[in-house]
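Enquirer: Quick one: sequence plus predicted model below, questions after.
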2 protein chains.
Amino acid sequence: MEITRSDKIYKHLLEAIVSGTIAPGSRLRETDLAQDLDCGRGPLREALQRLESRKLVKKVPHVGAQVVSFDIAELIEIYQLRESLEALACELAAQHMTQDDMEHLQSLLQRHRQFLTEHDGEAYIDQDADLDFHFQIIQCSRNSWLIQLLCDELYHRVRMYRFQTAQYRSRPSKALQEHQHILDALVNRDGELASMLMKRHISAARRALESRLTSALTGEKV
Amino acid sequence: MEITRSDKIYKHLLEAIVSGTIAPGSRLRETDLAQDLDCGRGPLREALQRLESRKLVKKVPHVGAQVVSFDIAELIEIYQLRESLEALACELAAQHMTQDDMEHLQSLLQRHRQFLTEHDGEAYIDQDADLDFHFQIIQCSRNSWLIQLLCDELYHRVRMYRFQTAQYRSRPSKALQEHQHILDALVNRDGELASMLMKRHISAARRALESRLTSALTGEKV
DNA sequence: ATGCGACTAATTGTTAACAATTTTGACTTG
DNA sequence: CAAGTCAAAATTGTTAACAATTAGTCGCAT
């Protein structure tokens, strides 16, 4: 249960924006929204400000707020950050991980493996699974700033992109393999290796985005 | 000139908190503060929320807001992030830097060098100089998320720490040397080297903090 | 004396009215 | 007919009153 009205509205709008229920580029008029959500403009403004700090909404003083429109170039910037930060997360996780953490991650991958063999080809769920795995490792870093940054500020933006482009990884089994290798390294407390593998794992996704960007620029059909 | 009242208050409180004019741990009562700053509680609450998102203020629903109190363990977390992120900034800067950027940085270091020979020992200004250098390189990365993260979210927290501990680097000439080496690598567009040097540069500061933390834990006099 | 509970005061959360600013559109003018 | 200007409408920024929640205090029973 949510404590404040502002909190409730924030979560509602967050989901609506990330999932695309509210289209990118939409203008958000305070009066209208407040009526729809059945609240005053005060809590709504606070929610909008929080969304702005997550870069899901852009506000211009005296003009208004609108949902950000999507931009692959910016997503590449985010992936550059993820490369560095999740590599760091791996190094720290290798140091701080408990036995419980390891077992939890192992069973997570086991479930993913099972799902893949049962529903061969259905990649949709796999995207959430992918994020779950990254999420858990980040938690193991025990660095609260790192955790907040990746899981709270960058995360939603990545999810938004996935909803909008419906761009799901072509070969989920490949990703699962890479995840398993990363976890193996972590279990051996080999932070250096885990970090390198994670960097490559994300780097591959980033390069895929970059090729999409250049082919878009040359007008080629994706 | 500021556009909105909320903006003005935010900047005012930001400086007051970072500089220590408002002591760490202080409770921030909305009614009192609003009267002092001659404004209503609405804009004040928006300013407090922005400060909270920068982790300079902690809010608890229905209880209130207070200035964060300082914690070396958390600062070490921030330095871990800086190590990764500023290394990344160097790699990107090596790619995107213009001739103008290089000249600007060279003249910046030239001024620092001159200041050091003229005011041998005065380390105070050098701290700002240090941050200036890092700041400029980050700008050259051309990654807007990276820039905002380092220059807007982490930066103030680092400044706050410096004000509060009055902990200035023992040998500014050493730092200047390291800065020059980083810049040399960047001028040669050797991103790998620049990145490594930057990582070491920050890592040294982080380790100094860590030894301070352990000696504090063992009750040793610093 | 101490622990529990209701009551009061203080403080934050919320709303609705008011002020300031921007945008829109009609009207004028070259 | 196009461009510029001014007024009105729409929208955001701000304030002040009201509601809800929490913290502190006093009294009471054990």
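Expert: Nice, I can see it. Numbering: from 1, shown residues only, chains lettered A, B, ... in the order given.
Enquirer: how about stretch A:106-117: buried residues?
Expert: Residues of stretch A:106-117 classed as buried by neighbour count (16 or more other C-beta atoms under 10 Å in any protein chain shown): A:108-109, A:112, A:115-116. C-beta coordinates here come from the backbone N, C-alpha and C atoms, glycine included.
Enquirer: between these, which is nearest B:Leu13?
Expert: Proximity of those to B:Leu13 (C-beta to C-beta) peaks at A:Leu108, which lies at 43.0 Å.
Enquirer: Could you report the distance from that closest one to A:Phe133?
Expert: Distance check for A:Leu108 against A:Phe133: by C-beta to C-beta, to the nearest Å, it reads 6 Å.
Enquirer: which residues are common contacts for those two?
Expert: When C-beta atoms under 8 Å, 6 or more residues apart in numbering or on different chains defines a contact, no residue borders A:Leu108 and A:Phe133 alike.
Enquirer: Can you tell me the closest non-neighbouring residue to A:Gln49?
Expert: Leaving aside its chain neighbours, A:Gln49 sits nearest to B:Gln49 (5.8 Å; criterion: C-beta to C-beta, 6 or more residues apart in numbering or on different chains).
Enquirer: how much does the helix or strand hosting the one you found deviate in direction from helix A:41-53?
Expert: Using DSSP states H and E, B:Gln49 sits within helix B:41-53. Going by axes from the mean of the first three to the mean of the last three C-alpha atoms, to 10 degrees, helix B:41-53 is angled at 30 degrees with respect to helix A:41-53.
Enquirer: Just give the strands next to the next helix or strand after helix B:41-53 in its sheet, each with its orientation.
Expert: Using DSSP H and E, the helix or strand that directly follows helix B:41-53 along the chain is strand B:57-60. Here strand B:57-60 is paired, per DSSP bridges, with strand B:64-67 (antiparallel).
Enquirer: Which residues does the partner strand contact?
Expert: Taking C-beta under 8 Å, 6+ apart as the rule, strand B:64-67 contacts B:17, B:22-30, B:48, B:52, B:56-59.
Enquirer: List buried residues within those.
Expert: By 16+ other C-beta under 10 Å, the contacts of strand B:64-67 give B:17, B:22, B:26, B:28, B:48, B:52, B:56-57 as buried.
Enquirer: what's the closest of those residues to DNA strand C?
Expert: Using C-beta to the nearest atom of the strand, B:Leu28 comes nearest to DNA strand C of the buried ones among the contacts of strand B:64-67, at 6.5 Å.
Enquirer: In contact with A:Glu52: list those residues for me.
Expert: A:58-59, A:65.
Enquirer: Please dump these into a markdown table; it should also carry distance to A:His181 and pLDDT for every row.
Expert: Listed next are these as a markdown table, based on distance: C-beta to C-beta, whole Å; pLDDT from 0 to 100:
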| residue | distance to A:His181 | pLDDT |
| --- | --- | --- |
| A:Lys58 | 39 | 97 |
| A:Lys59 | 43 | 97 |
| A:Ala65 | 43 | 97 |
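Enquirer: ok, how many other residues are close to the residue nearest to A:Gln49?
Expert: B:Gln49 has 21 neighbours, counted by other C-beta atoms under 10 Å in any protein chain shown.
Enquirer: got any ranges where chain A has weak pLDDT?
Expert: For chain A, the stretches with pLDDT under 70 are A:1-2, A:120-126, A:166-170, A:219-222.
Enquirer: where exactly do the helices run in chain A?
Expert: In chain A, the segments counted as helices under DSSP state H are A:5-19, A:30-36, A:41-53, A:72-96, A:99-118, A:124-140, A:144-148, A:155-165, A:172-187, A:191-217.
Enquirer: Next to DNA strand C, which bits of chain A? Give me the list.
Expert: Residues of chain A lying close to DNA strand C by C-beta under 7 Å from any atom of the strand are A:4-6, A:39-43, A:46, A:62-63.
Enquirer: run the last query once more with 10 Å
Expert: A:2-9, A:27, A:30-31, A:34-35, A:37-47, A:60-64 (C-beta under 10 Å from any atom of the strand).
Enquirer: who's in contact with A:Arg159?
Expert: Counted by C-beta under 8 Å, 6+ apart, A:Arg159 has contacts A:18, A:131.
Enquirer: separation between it and B:Asp36?
Expert: Where B:Asp36 is concerned, A:Arg159 sits at a distance of 41 Å (C-beta to C-beta).
Enquirer: quick revisit: out of the buried ones among the contacts of strand B:64-67, flag the one nearest to DNA strand D.
Expert: B:Leu48 (12.9 Å).
Enquirer: Ignoring the adjacent residues along the chain, who's closest to the closest one?
Expert: Nearest residue to B:Leu48 in three dimensions, chain neighbours excluded: B:Ala65, at 5.2 Å (C-beta to C-beta, 6+ apart).
Enquirer: From the buried residues of stretch A:106-117, pick the one nearest DNA strand C.
Expert: Nearest member of the buried residues of stretch A:106-117 to DNA strand C, counting by C-beta to the nearest atom of the strand, is A:Leu108, at 35.9 Å.
Enquirer: Would you pull up the residue in chain A closest to DNA strand C?
Expert: A:Gly42 (2.2 Å).
Enquirer: How about that residue: what's its closest non-neighbour residue?
Expert: B:Gly42 (7.0 Å).
Enquirer: just A:Leu51 next, same as before
Expert: Nearest to A:Leu51 is A:Val57, by C-beta to C-beta, 6+ apart, at 4.1 Å.
Enquirer: quick one, phi psi at A:Ser141?
Expert: phi -70, psi -20 (degrees, to the nearest 10).
Enquirer: Quick one: name the residues of chain A near DNA strand D.
Expert: Contact residues (C-beta under 10 Å from any atom of the strand) of chain A with DNA strand D: A:3-5, A:27-34, A:40-42, A:44-45, A:48-49, A:59-66.
Enquirer: Just want the most central residue of chain A.
Expert: Centroid check for chain A by C-alpha atoms, centre = their mean gives A:Tyr155 as the closest residue, at 2.8 Å.
Enquirer: Could I get the contacting residues of that residue?
Expert: Counted by C-beta under 8 Å, 6+ apart, A:Tyr155 has contacts A:131, A:135.
Enquirer: now do A:Asn143
Expert: Going by C-beta under 8 Å, 6+ apart, A:Asn143 touches A:88-89, A:92, B:77, B:80-81.
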